[in-house]
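[1] generate a structure from the sequence data that follows.
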Amino acid sequence: MTWISGHLGDIWRLTVQHAVLAAIPLVLGLIVSIPLGWAAARSRRLVPVALAGTGLLYTIPSLALFILMPLILGTKILDPVNVIVAMTIYTVALLVRTVVDGLGSVSSHVDAAARAMGLGAFRRLVTVQLPLAVPVIAAGLRVAAVSNVSIVSVASLIGVSQLGDLLVDGYNRDIPGELWAGIVGCLVLALLFDLLIQGLARLLTPWLRADSRSSARRLAPADAPRDVGVAA
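    Now for the predicted structure:
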């Protein structure tokens, strides 16, 4: 605790850097995954190709990918852009399958009704399919967020500062307080990401909240009958 109280400024700075390195790829990965997942979902032949390809991307070791990025992008080894691009690749690898599953969860009757109303493929995606797929996509996004927070810490090994610095330095110098600060910081950050995604999903699906309230009213026990006095 003594080490933590004396380094609150450093912990906060590293936490903010960690959050940025984890959040930007999450947003970029979702933006890229939606059209890829939509294209794959529209063709049965593309589904296995897309899922296998993105699955292979996730098998690349994170440290190797961080080191390869400067060679591919022409950036410096310590440039945070390397981490953001690498983490975006991992996020896409996780979310393409989620988008495909989410779009596949939309009832064919709902899609047929939207088509009968004259909605084109893009308008159906934006106004019907994606809103209904939000719960499934949000679940995958929560997994990707926790994964990003975890993997980003590896970037300390190539000199990109974030909470992983506390883990590496705390281990090398045998400072338990620094180690605990890094561990707890990552856990809290992952929890905050998870709560934020859940909150956004609830805001984007108001009909689910209405359904849950109506279900609760239906399941609520009926008012107990009043006691009827017996005439003497």
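[2] which residues in the protein form helices?
    Remark: helices assigned in the chain by DSSP state H are 2-6, 8-41, 46-58, 62-73, 80-104, 108-116, 121-124, 130-152, 164-172, 176-204, 206-219.
[3] how far off helix 46-58 does the fourth one point, in degrees?
    Angular relation of helix 62-73 and helix 46-58 on a 0 to 180 degree scale: 100 degrees, by axes from the mean of the first three to the mean of the last three Cα atoms, to 10 degrees.
[4] ok so, going back, I'd like the helices of the chain laid out as TSV, including distance to I158, mean neighbour count and mean pLDDT.
    For every residue, glycine as well, the C-beta is placed using N, CA and C. Listed next are the helices of the chain as TSV, based on distance: least, Cβ to Cβ, whole Å; neighbours: other Cβ atoms under 10 Å; pLDDT from 0 to 100:
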stretch	distance to I158	mean neighbour count	mean pLDDT
helix 2-6	25	11	83
helix 8-41	12	19	93
helix 46-58	19	15	78
helix 62-73	5	15	89
helix 80-104	8	22	92
helix 108-116	46	12	85
helix 121-124	40	13	85
helix 130-152	12	21	93
helix 164-172	10	18	91
helix 176-204	17	17	94
helix 206-219	42	10	65
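[5] wait, what's in contact with V49?
    A40 (Cβ atoms under 8 Å, 6 or more residues apart in numbering).
[6] chain center to stretch 176-192, what's the gap?
    Computed by Cα atoms, centre = their mean, to the nearest Å, the separation of stretch 176-192 from the middle of its chain amounts to 19 Å.
[7] ok, residues contacting that stretch?
    Residues from elsewhere that reach stretch 176-192, judged by Cβ under 8 Å, 6+ apart: 1-4, 7, 11, 14-15, 18-19, 22, 145-146, 149-150, 153, 163-167, 169-171.
[8] residues touching the residue nearest the centre of the chain, list them.
    For the chain, L141 is the residue whose C-alpha lies nearest the centre (Cα atoms, centre = their mean; 2.6 Å). Contacts here follow Cβ under 8 Å, 6+ apart; on that basis L141 touches 26, 30, 95, 98, 197.
[9] distance-wise, check the last one relative to P61.
    For I197, the distance to P61 equals 26 Å [Cβ to Cβ, to the nearest Å].
[10] do the fourth one as well
    The spacing between T98 and P61, counted by Cβ to Cβ, is 22 Å.
[11] now swap in the third one and tell me
    According to Cβ to Cβ, L95 stands 20 Å off from P61.
[12] try the second one
    Here the distance between L30 and P61 works out to 24 Å (Cβ to Cβ).
[13] doesn't L28 make contact with A144?
    No: applying Cβ atoms under 8 Å as the test, A144 and L28 come out as separate, 11.4 Å apart.
[14] who touches both of these two?
    With Cβ under 8 Å, 6+ apart as the test, A144 and L28 both reach T91.
[15] pull the number of nearby residues for V106.
    20 (other Cβ atoms under 10 Å).
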